[in-house]
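J.: got a sequence here, can you model it:
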Amino acid sequence: MSNQLIGRVKEQTILQKALQSSEAEMIAVVGRRRVGKTFLIRSVYGDDIDLEVTGIQHAAKKDQLENFHFLLSQFAPKDTPTSVPNSWLVAFRQLIEVLNVRPKSTKKTILFFDELPWLATRKSGFLAALGFFWNNWASKNKIIVVICGSAASWMIQKVVQNKGDLHNRITKRIYLKPFNLYETEAFIKHKQINLNRYQILQLYMIMGGIPHYLKEIETGKSAIQNIDDICFSETGLLRDEFSRLYPALFEKADNHIKIIKALSTKWKGLTRKEIIQISRLPEGGGVTKVIEELVHSGFVSFYYPFGKKKKNMLYRLSDEYSLFYLRFIEGKRTQERGMWNRLSQTSIYKSWSGYAFESICLKHVTQIKKALEIGGIYSEASSFLSKGTDTTKGIQIDLLIDRNDHAINICELKFYNGSFSINKSYAEELRTKLTRFKELSKTKKQIFLTLINTFGLSENKHSIGLVDNSFSMDILFAPNSI
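T.: Residues are numbered from 1 along each chain as shown. Just a heads-up that it's a prediction; the model follows:
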């Protein structure tokens, strides 16, 4: 099977335009671990990459420089003398000398620096030397410099928002996100694996849209069989990926992991204050920085409850694999074939699958708006939560779309293994929820009840006149464009 690039149309266009432009280009590619950054660059630029340097995790500066020298020697014309540099400034001066003596070409020179955070460690001098190289040579020549790193927060703070030598030097930015369901389906089909959308959805609930995880899926096996092999077998990629994931991204990952574990305990999300209480981390600015790093890296999302201000912001664990690992793998002694089939019959599975489906819907709000035919209307997605009292029952709305055409869609999100029907008690619960929302929010807008579940709604006397829109999971598999 060829390693054809699936999706990434916008990102490919950015890279191609950089190749065709008459200016020197410095491109920053940011994205979480395993999302396919390196594959994207190699797929688009291929053999046109002249020099590729990849940082070595936990290596000393001396070892990084020796590796750079080895690669530069391969790149340099024969009989071009180079010695192992003792600093990154010397290394980039050598690079300039090599570039000056290389035969002239009509095409742009492409330099690719991968895993930049491992190269540019504290006091290494790498970023200052890269700034020197760009300002004194590269910016005046036909060249593309691609810099890439999995520590997304580090890349944004140290490179994209750099205040020193690289300030405003980035000419193009690519924020590479995991596949959505549309791209995931295309990826699986390209691998010639025949799975229907319910099977794909189950896999996505655990792996998200991470290509490196999805490529482990094997043909001829159901979602449950694949999950067993990938997550519970001794050689499964995701059995212990969690232990490597965060340390590879963050220099001191213990606090990041504590916050991820705290967020995994509450489906609705947590305020900053609640995160500190549950994780038992000390109050202070350090917690805010760690949360921001997790948000930048795509593991945590935040949202404002309907009608609330910034201080009420809720943070939610949005990385599918981390949530799955903490629920079903961590601390479990028995890990064997058939494990997931047994676990999928438990009450823990039921609550987890409901949350996982809600999380996927929140990531595919664009597709939901498209199905509602409100793509051209400005709207904001949020949640609504009201705690109960001694006399009134609390209500929770996981997705609420507040529209500028004086309407609000209240979305009920249900993961179910068949077509869904509303019974009398659930219909009463929904009517109570709508009434309480109108009372508490004091909204004058039109309220539409929207139901989204796996196989759609079986209409009956309880749903008619209550549910305004109902959709199956198929709407979530639409492309991003509205």
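J.: helices along the stretch 101-250 of the chain, start to end?
T.: In the stretch 101-250 of the chain, the helices defined using DSSP state H, counting those that start in this stretch lie at 116-119, 126-136, 152-155, 181-190, 197-207, 211-214, 223-227, 241-249.
J.: strands of the stretch 351-482 of the chain, start to end?
T.: 379-386, 395-403, 407-414, 446-453, 469-471 (DSSP state E, counting those that start in this stretch).
J.: ok, the nearest residue to Val159 once chain neighbours are set aside to Phe471 distance?
T.: In space, and not counting its chain neighbours, Val159 is closest to Ala28: 5.5 Å by CB to CB, 6 or more residues apart in numbering. C-beta: built from backbone N, CA, C; applies to glycine. Remark: distance between Ala28 and Phe471 (CB to CB, to the nearest Å) = 37 Å.
J.: of these two, who's got more company?
T.: Per other CB atoms under 10 Å, whichever of Ala28 and Phe471 has more neighbours is Ala28, with 23 against 18.
J.: gap between the more buried one and Leu19?
T.: 16 Å.
J.: right, and Asn194 touches Lys221 too?
T.: No: counting by CB atoms under 8 Å, Asn194 stays clear of Lys221, with 10.6 Å between them.
J.: quickly list the domain ranges of this protein.
T.: 9-175, 181-239+335-357, 242-328, 368-477 (automatic domain parsing).
J.: mind putting those domains into TSV with mean pLDDT?
T.: Below are the domains of the chain laid out as TSV (pLDDT from 0 to 100):
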stretch	mean pLDDT
domain 9-175	91
domain 181-239+335-357	93
domain 242-328	89
domain 368-477	93
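J.: quick one: which of the helices of the stretch 101-250 of the chain is nearest Met339?
T.: helix 223-227 (8.9 Å; CB to CB).
J.: distance from that closest one to the middle of the chain?
T.: On the basis of CA atoms, centre = their mean, to the nearest Å, helix 223-227 sits 22 Å off its chain's mean C-alpha point.
J.: also stretch 382-396?
T.: 31 Å.
J.: kindly provide the distance from Leu326 to Arg272.
T.: 20 Å.
J.: which residue is nearest the centroid of this structure?
T.: Centroid check for the chain by CA atoms, centre = their mean gives Gly298 as the closest residue, at 4.2 Å.
J.: so how far is Glu11 from that one?
T.: Taking CB to CB, one finds Gly298 at 15 Å from Glu11.
J.: so where does the residue of the chain most remote from its centre fall, helix or strand?
T.: Residue farthest from the centre of the chain, counting by CA atoms, centre = their mean, is Asp79 at 45.8 Å. Under DSSP states H and E, no helix or strand contains Asp79.
J.: and it, what are its phi and psi?
T.: phi 70, psi 20 (degrees, to the nearest 10).
J.: show me what contacts it?
T.: Contact analysis of Asp79 by CB atoms under 8 Å, 6 or more residues apart in numbering lists nothing.
J.: and for Glu115?
T.: Thr54, Gly55, Ile56, Gln57, Cys148, Gly149, Ser150.
J.: how far away is the closest residue in space to Glu115 that isn't next to it in sequence from Val290?
T.: Of all residues not flanking Glu115 in the chain, Gly55 sits nearest, at 3.8 Å (CB to CB, 6+ apart). The spacing between Gly55 and Val290, counted by CB to CB, is 23 Å.
J.: same question for Leu314.
T.: 17 Å.
J.: quick one on the thing from earlier: filter the contacts of Glu115 to the buried ones?
T.: Thr54, Gly55, Cys148, Gly149, Ser150 (16 or more other CB atoms under 10 Å).
J.: from what I can see the last one touches Val29, true?
T.: It refers to Ser150. No: contact status for Ser150 versus Val29: not in contact, 10.1 Å apart, counting by CB under 8 Å.
J.: understood, closing this out.
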